[in-house]
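Colleague: structure for this input, please:
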Amino acid sequence: MNAEFARRQMVEQQIRTFEVSDANVLEVLSELPREDFVPLGFRDLAFADTPIPLKHGQSMMTPTVEGRLLQMLTLKPDDHVLEIGTGSGFLCACLARLARSVISVDLFPDFTEGAGVILRNLGIENVILKTFDATRELPDGKFDAIAVTGSCPIFDNRFFDALNPGGRLFIITGSAPVMDARIVVKGSSGEQQVTSVFETDVKPLINAKAPPAFSF
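Modeller: A predicted model of the protein is given here:
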């Protein structure tokens, strides 16, 4: 596989056609070696627009969803970012290239440990990796942008509360097969400004709150 050619094709034929036009986002996706973050048995699919299986029943987002997520967060070079769900570490690497610093949280220690190795090998040093259940607790502090990489059956206000004024939250809500990918901006007075952007289907965060069951 000619990785450089395949990566360029991924960006031009898949990501751009999914309404991703931000030059900084496209540059990062064109340069970062996505194939290094893919499990060995799936490297031939590194640039295909399909979820790639990871351990623990998890999967990597498709390149098109990754591209839209990064564009929707409108990251600036001085932003402090929180990622919920480290997974393979690829999206974390993208966030780190676009922002000042990233804290990435995952439930599984082998994910944070494996991502840490790849990030260090790539010289990406502005990332702190933490292992705990983000559906139960979040890192201290406030963030300029938050990316939730697993879906939430119902909106979790804790993520919104962790934003600075003007901060942006990417979150996918709802249930399969049709979920709502949205960007939620915290206004200067703390109000929610919600924009639904596209429909998708992403595995839910483990232990995410479920909607109340109907009783008859």
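Colleague: what separates Thr173 from Val20, distance-wise?
Modeller: 21 Å (Cβ to Cβ, to the nearest Å). For every residue, glycine as well, the C-beta is placed using N, CA and C.
Colleague: how about stretch 72-88: buried residues?
Modeller: Residues 72-75, 79-88 are the ones in stretch 72-88 that count as buried (16 or more other Cβ atoms under 10 Å).
Colleague: same question, stretch 172-187
Modeller: Using 16+ other Cβ under 10 Å as the test for burial, stretch 172-187 gives Ile172, Thr173, Gly174, Met179, Asp180, Ala181, Arg182, Ile183, Val184, Val185, Lys186.
Colleague: show me where the chain has its helices.
Modeller: 3-9, 23-31, 63-72, 90-98, 109-121, 157-161 (DSSP state H).
Colleague: what angle do the second one and helix 63-72 make?
Modeller: Spelled out, that is helix 23-31. Per axes from the mean of the first three to the mean of the last three Cα atoms, to 10 degrees, the angle that helix 23-31 makes with helix 63-72 is 150 degrees.
Colleague: show me what helix 23-31 is in contact with.
Modeller: With contact meaning Cβ atoms under 8 Å, 6 or more residues apart in numbering, helix 23-31 is reached by 7-8, 10-11, 15-16, 20, 63, 66-67, 70-71, 75, 94, 97-98.
Colleague: same question, the fourth one
Modeller: Outside of helix 90-98, the residues that reach it under the criterion Cβ under 8 Å, 6+ apart are 24-25, 28-29, 31-32, 34, 37, 60-61, 66, 69-70, 73, 75, 77, 79, 81, 83, 86, 102, 104, 115, 118-119, 122, 124, 126-127, 129, 145, 147, 149.
Colleague: look up the closest residue to the spatially most central residue of the chain, ignoring the ones flanking it.
Modeller: Centroid-nearest residue in the chain: Thr149, 4.1 Å away (criterion: Cα atoms, centre = their mean). Leaving aside its chain neighbours, Thr149 sits nearest to Gly85 (3.6 Å; criterion: Cβ to Cβ, 6 or more residues apart in numbering).
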